[in-house]
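# A predicted structure for the sequence below; I have some questions about it.
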Amino acid sequence: MYKLKTKETDNSVIEFIESVDSPKKREDAYQLLDIFTETTGHKAKMWGPSIIGFGAYHYKYGHEGDAPLVGFSPRKAKISLYFATGDAERENLLKDFGKHTTGKACVYVNKVADINLDVLQALINQSIRFLKETYPDH
């Protein structure tokens with residue numbers, strides 16, 4: 001049986017950000033915290049040990065569980081941004097996002113200064129819209 005690894009916790013978002021080694025990554029994390037909070041209207045919550053998530057939805061595909069609508073993690077190498085996958089709109093927005101790379105589910109950036117903040121807000125809003133349409137029951 002599948003065991004969900006990333007669950008919402010009661011850990012402190014601020015304590016997690018303060019534990020980030022790089023002062024520049026900490027500064028970027030606080031900037032992202034403000035942008036995601038303001039854009040989503042949701043309070044930041046820790047998901048697992050290292051993801052700062054906003055809002056939640058319940059999904060079912062093969063297995064089921066809860067996940068944040070959007071989120072980020074200031075990792076050692078790069079900052080991981082978590083947006084919904086499977087929506088063509090995401091790819092269109094990423095064209096004007098700035099310096100980034102993508103993985104299966106993540107968008108990776110070196111620093112906030114490399115990206116277009118208006119596009120970041122559009123990606124956040126698009127992701128939430130897409131997930132609420134795809135998983136309307138939460």
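Nice, thanks for sending it over. Quick caveat, the model's predicted, so the values are computed rather than measured.
# and stretch 22-37, how far out from the chain middle?
Offset of stretch 22-37 from its chain centre (CA atoms, centre = their mean, to the nearest Å): 12 Å.
# got it, and stretch 101-110?
What separates the centre of stretch 101-110 from the centre of its chain is 11 Å, taken as CA atoms, centre = their mean.
# cool, stretch 122-136 as well?
Offset of stretch 122-136 from its chain centre (CA atoms, centre = their mean): 12 Å.
# buried residues in it, which are they?
Neighbour-count burial for stretch 122-136 flags Ala122, Leu123, Ile124, Gln126, Ser127, Ile128, Phe130, Leu131, Tyr135 (criterion: 16 or more other CB atoms under 10 Å). All C-beta spots, glycine's among them, are computed from the backbone N, C-alpha and C.
# distance of the second one from Thr39?
When CB to CB, to the nearest Å is the yardstick, Leu123 and Thr39 sit 9 Å from each other.
# cool, Val20 as well?
Val20 is 21 Å from Thr39, where distance means CB to CB.
# skipping adjacent residues, who's closest to Thr6 in space?
Excluding its sequence neighbours, the residue lying closest to Thr6 (CB to CB, 6 or more residues apart in numbering) is Gly48, at 4.1 Å.
# that neighbour reaches Gly65, doesn't it?
No. Using CB atoms under 8 Å, Gly48 is not in contact with Gly65, being 12.0 Å away.
# between those two, what contacts are shared?
Lys7 (CB atoms under 8 Å, 6 or more residues apart in numbering).
# kindly state the pLDDT recorded for Asn92?
Asn92 is assigned a predicted lDDT (pLDDT) of 93.
# what helices and strands are in contact with the lowest-mean-pLDDT helix or strand in the chain?
Between all helices and strands in the chain, the lowest mean by mean pLDDT, DSSP states H and E belongs to strand 57-61, at a mean of 82. Under the contact criterion of 3 or more CB pairs under 8 Å, 6 or more residues apart in numbering; DSSP states H and E, strand 57-61 touches strand 63-67.
# and the strand it packs on, how far from the chain's centre?
Chain-centre distance of strand 63-67: 16 Å, with CA atoms, centre = their mean.
# may I see the buried residues of it?
Asp66, Ala67.
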